[in-house]
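Q: Sequence first, then the predicted structure:
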Amino acid sequence: MYTVGVHFYITGHTGFKGTWLVALLANKGHKVSGYALNPTPKSIFEIADVTSMMENDFRGDILDLNYLESTLKKTNPDFVIHLAAQSMVLDSLNQPHATFLTNVTGTLNVLEVTNKIPSIKSQLIVTTDKVYKNNEKKIAFQETDELSGHEPYSASKAMADILTHSWSNYVTKIPTGIARAGNVIGGGDSASNRLFPDIIRTLEQNNKLILRSPHSTRPWQHVLDCLEGYYLATLYLAKTQKNSIWNFGPNQADVKSVREVLDIVEKFIGNKIECQEIQNEIYESKYLSLNSDKAQSELNWQPRLTLEQSIKWTLEWHSSIRNSIKPVDILRNQIDSFERNEIN
């Protein structure tokens, strides 16, 4: 079912996850259109020329309801995956109003517009593992656990999650899913205040690594594992015609602290990284973990890369860039290896 040639419409396709998703779907033989803001200069989207893999590359604000609707009507896609978001916790403190608008109203706009497009067979709204009410009990969250939100980012994503749940049950007839994933890593992430981009910049610039919350534990996974889950979810929604929610996280053995992740990086590079630990500006959960049993049983999904392999692939991606290998070739090579399950 839907093995090749169907049309996916991705919001937020110029971001880190979106770029890898476009490339993954194109590699599977699907058509891909996207709607997003302009990419940041020298982002993976730009340097890997991901536009050339797409049917349509629309640039616009997720809050522009009329333009969003016109692009969906132009493409008449089969599947929609909504990634567009303000996804940075620290930025949400400096721009709380914009964060709530983008993450809540932006999601509402997508749901409103897709309801007018008869070609759509299913849609997936991506939120985050941070939507869960976290009492620091060191348990892996299940999809039925209570939602909450401390700072504006997690609160806005919890609101988008609840909105989607309500909309899918009472407004739209499109099979609608919610995907909650943890911390993804992979080549080409250039965001500020994220562990792996900060590590890469530290290695390239020979600076101290500013380390926030070194003992905080997160569900780290490679971006391709996460995105394969999103892909399988959209197909499952169309097949079953039922709404659903899934967690996508690593095996529990790969739920590690920030310090443990840094130890693995140091093992691969053969050197210690000089660090400066700083007091976190805001409250962030000390322990986050996801139970992905539902995705494994319903979607036959499971992570293919261990944490060590994910880190190795990420470091190799950036090493290849320094050795003047074309970014698009690295992108395609890693996706090919992932698809063939040739993991080393």
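A: Structure received.

Q: Low-confidence ranges, the stretch 101-250 of the chain, go.
A: Applying pLDDT under 70 to the stretch 101-250 of the chain picks out no residues at all.

Q: That one: helices as residue ranges?
A: Secondary structure of the stretch 101-250 of the chain by DSSP state H, counting those that start in this stretch: the helices cover 106-114, 152-170, 195-205, 223-240.

Q: closest one to residue 21 among those?
A: With Cβ to Cβ as the criterion, residue 21 lies closest to helix 223-240 of the helices of the stretch 101-250 of the chain, at 4.9 Å. C-beta: built from backbone N, CA, C; applies to glycine.

Q: one step back: can the helices of the stretch 101-250 of the chain go into a markdown table with extra columns for distance to residue 331 and mean neighbour count?
A: Converted to a markdown table, those look like this (distance: least, Cβ to Cβ, whole Å; neighbours: other Cβ atoms under 10 Å):
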| stretch | distance to residue 331 | mean neighbour count |
| --- | --- | --- |
| helix 106-114 | 26 | 22 |
| helix 152-170 | 27 | 21 |
| helix 195-205 | 16 | 17 |
| helix 223-240 | 10 | 22 |
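
Q: my guess is residue 57 is in a strand, correct?
A: Yes. With DSSP: H, G, I helix; E, B strand; the rest coil as the criterion, residue 57 is part of a strand.

Q: separation between residue 284 and residue 130?
A: As judged by Cβ to Cβ, to the nearest Å, residue 284 and residue 130 stand 9 Å apart.

Q: These two: who's more crowded?
A: When residue 284 and residue 130 are compared for neighbours, residue 130 comes out ahead with 23 against 19, by other Cβ atoms under 10 Å.

Q: re the thing from before, which neighbours do residue 284 and residue 130 have in common?
A: By Cβ atoms under 8 Å, 6 or more residues apart in numbering, residue 284 and residue 130 have these common neighbours: residue 89.

Q: Just put the helices of the stretch 101-250 of the chain in CSV and tack on distance to residue 328.
A: What follows is the helices of the stretch 101-250 of the chain, written out as CSV (distance: least, Cβ to Cβ, whole Å):
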stretch, distance to residue 328
helix 106-114, 29
helix 152-170, 31
helix 195-205, 19
helix 223-240, 16
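
Q: Quick one: closest of those helices to residue 274.
A: helix 195-205 (8.2 Å).

Q: I'd like to know how far residue 111 sits from residue 75.
A: Going from residue 111 to residue 75 by Cβ to Cβ gives 17 Å.

Q: Which SSE is immediately downstream of the helix or strand harbouring residue 310?
A: Using DSSP states H and E, residue 310 maps to helix 307-322. Following helix 307-322 in sequence order, the next helix or strand is helix 327-339 (DSSP H and E).

Q: Please point out which parts of that next one sit buried.
A: Neighbour counts over helix 327-339 (16 or more other Cβ atoms under 10 Å) mark 327-328, 330-332, 334-335, 337-338 as buried.

Q: again, but for stretch 53-67
A: With burial defined by 16+ other Cβ under 10 Å, the residues of stretch 53-67 counted as buried are 53-54, 56-58, 60-62, 65.

Q: mind saving the C-alpha coords of that stretch as PDB?
A: C-alpha atoms of stretch 53-67 as PDB (Å, rounded to 0.1, in the frame of the first residue of the first chain):
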ATOM      1  CA  MET A  53      14.400  16.800  -4.500                       C
ATOM      2  CA  MET A  54      11.000  18.500  -4.300                       C
ATOM      3  CA  GLU A  55       7.900  19.000  -6.400                       C
ATOM      4  CA  ASN A  56       7.100  22.300  -4.800                       C
ATOM      5  CA  ASP A  57       9.200  24.400  -2.300                       C
ATOM      6  CA  PHE A  58       6.800  27.000  -0.900                       C
ATOM      7  CA  ARG A  59       8.100  29.700   1.500                       C
ATOM      8  CA  GLY A  60       5.600  31.200   3.900                       C
ATOM      9  CA  ASP A  61       4.600  31.800   7.500                       C
ATOM     10  CA  ILE A  62       2.400  29.000   9.100                       C
ATOM     11  CA  LEU A  63       0.300  31.900  10.400                       C
ATOM     12  CA  ASP A  64      -0.600  33.000   6.800                       C
ATOM     13  CA  LEU A  65      -3.800  31.000   6.500                       C
ATOM     14  CA  ASN A  66      -4.800  32.100   3.000                       C
ATOM     15  CA  TYR A  67      -1.400  31.300   1.500                       C
END
